[in-house]
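In: Sharing a sequence plus its predicted fold:
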Amino acid sequence: MYRYETHLHTSPVSRCAGAGVREQMRFYRELGYDGIFVTNHFLDGNVNIDRNLPYKTKLDFYLSDYFDAKKESENLGIKVFFGVELSHAGTDFLIYGLPPEWYQAHPEIMELGKKEELALMRSEGAFVVQAHPYREAGYIDHIRLYPRSVDAVEVINASRIDFENRLADQYADNYGLLKTGGSDNHHGFASRLAGMECEEPVMTEADYGRLVREGKARVFTLNPDRDSHEWFRREPEGCFTVQLRTNPSTGFDWDWEADHAEGIAEESREYLRKESEPALCGEPSFVKFVFRPSVPGMQSVTFRYRRSWESTPPLRTFNLRFELKQDGRISLPRHDFTE
Ligand SMILES: [Zn+2]
Ligand SMILES: [Zn+2]
C-alpha cells in the first residue's frame, strides 16, 4: 500500500499555514508516506499575496512553494504532486490533474463563476473534489453543495469534526460521488490525519484521479501519536528528536542508554501534552528528547519505560539504531518497539 496526503497547505503561500514545505515533507516521510499533494489556497482564497497584483505575479508566487517542494523531493525522499484548493466564500474545491502551465495559460478562470470554472477544468481532465462540504465557521454564510460539478467528495477531512464528515459521506452516497480523504494539514505535526491509500504507486497527478475512479484508492485515517508510540525527526540541525508516550504521574518514565555513551549527548528533554487530549490530572503525555550524535558510524540507543526504583523488567523498551554519516547527515533510524 502506498499512502498519500491529498490536502496540504504550506507557508508562506497559504496565509493560514504555519509549516513550510520542508517541515511538511519531513513529517510525512517519517510516517512512511509515498507522497504528498501540495494544495495551497489558490488566488481566489487565502493566498498570502496582494490581490491587486497582476495574475502572473500572483501565480508565480502561488507556484513557488510547490516548485520548492518538488525540488526537494528526491533529497527528502518523498514524492511531491501538484494540486490546488479553490475557494468561493468558504466553499472549497480540490483540483488534481491540471499542471501549473494550465493555470499559467488560463487567467480567465478568475472571472468565472465556480460552476463554469469547475466545468472547464473537468473538461480539460481535472479530477475535482468538494473539500469539507459541511464545514461551518463564523466566516461561512451557508453550506453550499455542488453535486453536479464535482467528481468526488472529501468524506473524511481530519481537521473537521466527525459530524461534518458523516454528512459528507452521506452526500457522496446520495449522489453516487467518489470518496476521498485528506488532512487539510496546515502545521506539520498533526495528531489526526486522513489520506488515500493506493494499491499501486501514484506516478502523476492524473494517475491519482484514475486510481480513485478505478476503486484502487481508499480513504484511511491515522493518529500518529496514538497509533505509534514513538516519533522521530532529524532536526534540529545535527540532532535528532525522539518522542515517546509517557505518563510520569504513574511513576513510569523513559530513560535511555547508548551502546557508545561518548558518541551521543542528550541536548534536551521536554514533556509535552497533545492539544487533542484533555488536560486531565495524570494525563498521558509525551517526552521529547533531543540528541546530538558526535561519533560517525552506526550506533544504538535503548529506551526503557520503567519505574526507576523497581528492578523488574521495563514495561516497554524502544531500541533505535541510527547512523551518523561522515558528512554530518543522520540516516533513517531503524527501530524496534517491544511492549
Ligand atoms: Zn487554510
Ligand atoms: Zn485546505
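Out: Happy to help now that I have it. Ligands and ions are numbered 1, 2, ... in the order given.
In: my guess is residue 301 contacts residue 263, does it?
Out: No: taking contacts as C-beta atoms under 8 Å, residue 301 lies outside contact range of residue 263: 9.6 Å. C-beta here means a position set from N, CA and C on the backbone, and glycine is covered the same way.
In: Give me the more crowded residue out of those two.
Out: residue 301 (25 against 16; other C-beta atoms under 10 Å).
In: can you tell me which residues contact the more buried one?
Out: For residue 301, the contact set (C-beta atoms under 8 Å, 6 or more residues apart in numbering) comprises 242, 256-259, 264, 291, 319-320, 322.
In: now the residues you listed: which count as buried?
Out: 242, 256, 258, 264, 291, 320, 322 (16 or more other C-beta atoms under 10 Å).
In: Between the residues you listed, which sits nearest ligand 2?
Out: Nearest to ligand 2 among these is residue 242, at 30.4 Å by C-beta to the ion.
In: The helix or strand where that closest one lies pairs with which strands, parallel or anti?
Out: Applying DSSP states H and E as the criterion places residue 242 in strand 240-246. Sheet pairing of strand 240-246 (DSSP bridges) gives strand 230-233 (antiparallel), strand 285-293 (antiparallel).
In: Please list the outside residues in contact with the longest one.
Out: Residues external to strand 285-293 that are found in contact with it (C-beta under 8 Å, 6+ apart): 225, 231, 236, 238-248, 253-254, 256, 263-274, 299, 301, 322, 324, 330.
In: Spatially nearest residue to the closest residue to ligand 2 within the stretch 101-250 of the chain (excluding sequence neighbours)?
Out: Residue of the stretch 101-250 of the chain nearest ligand 2, by C-beta to the ion: residue 184 (4.3 Å). Sequence neighbours aside, residue 159 is the residue nearest to residue 184 in space, at 4.1 Å (criterion: C-beta to C-beta, 6 or more residues apart in numbering).
In: So the one you found belongs to a helix, correct?
Out: No: counting by DSSP: H, G, I helix; E, B strand; the rest coil, residue 159 is not part of a helix but coil.
In: Determine the number of other residues adjacent to it.
Out: Residues near residue 159, counting by other C-beta under 10 Å, number 18.
In: pLDDT value on the closest residue to residue 145 other than its chain neighbours, please?
Out: Leaving aside its chain neighbours, residue 145 sits nearest to residue 133 (5.9 Å; criterion: C-beta to C-beta, 6+ apart). pLDDT for residue 133: 98.
In: Now for residue 133, how many residues are close by?
Out: Residue 133: 26 neighbours (other C-beta under 10 Å).
In: same deal with residue 75?
Out: Using other C-beta under 10 Å, residue 75 has 9 neighbouring residues.
In: so is it in a helix, a strand, or just coil?
Out: Classification of residue 75 using three-state DSSP returns helix.
In: Quick check: it vs residue 69, distance?
Out: Note on residue 75: its distance to residue 69, by C-beta to C-beta, to the nearest Å, is 11 Å.
In: rewinding a little: would you list the buried entries among the contacts of strand 285-293?
Out: The neighbour-count criterion (16+ other C-beta under 10 Å) marks 225, 231, 239-246, 253-254, 256, 263-264, 274, 299, 301, 322, 324, 330 among the contacts of strand 285-293 as buried.
In: CSV for the buried ones among the contacts of residue 301, including distance to residue 109 and pLDDT?
Out: Below are the buried ones among the contacts of residue 301 laid out as CSV (distance: C-beta to C-beta, whole Å; pLDDT from 0 to 100):
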residue, distance to residue 109, pLDDT
242, 46, 85
256, 55, 94
258, 57, 91
264, 54, 91
291, 49, 92
320, 49, 81
322, 48, 81
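In: if we can go back for a sec, lowest average confidence across the strands paired with strand 240-246, which one?
Out: Among the strands paired with strand 240-246, strand 230-233 scores lowest, with a mean of 61.
In: which residues touch the residue nearest to residue 184?
Out: Shown in contact with residue 159 (C-beta under 8 Å, 6+ apart): 132, 183-186, 192.
In: again, but for residue 204
Out: For residue 204, the contact set (C-beta under 8 Å, 6+ apart) comprises residue 81.
In: for residue 211, what are its contacts?
Out: 198-200, 202, 217.
In: ok, and the closest non-adjacent residue to residue 15?
Out: residue 48 (4.1 Å).
In: Kindly tell me how buried that neighbour is, as a neighbour count.
Out: 16.
In: The closest residue to residue 185 other than its chain neighbours and residue 161, how far apart?
Out: Nearest-residue entry for residue 185: residue 8, 4.9 Å, with adjacent residues in sequence omitted and distances by C-beta to C-beta, 6+ apart. Using C-beta to C-beta, residue 8 is found at 20 Å from residue 161.
In: Neighbour count: the two, which is higher?
Out: residue 8 (30 against 11).
In: near ligand 2, which residues of this structure?
Out: Residues of the chain that fall close to ligand 2, judged by C-beta under 5 Å from the ion: 85, 184.
In: Show me the chain divided up by domain.
Out: Residue ranges for the domains of the chain, per automatic domain parsing: 2-224, 228-338.
In: thought residue 155 was touching residue 182?
Out: No: using C-beta under 8 Å, residue 155 makes no contact with residue 182, being 9.9 Å away.
In: Comparing the two, which shows the higher neighbour count?
Out: In this view residue 155 and residue 182 are compared by other C-beta under 10 Å, and residue 182 has more residues nearby, 29 against 26.
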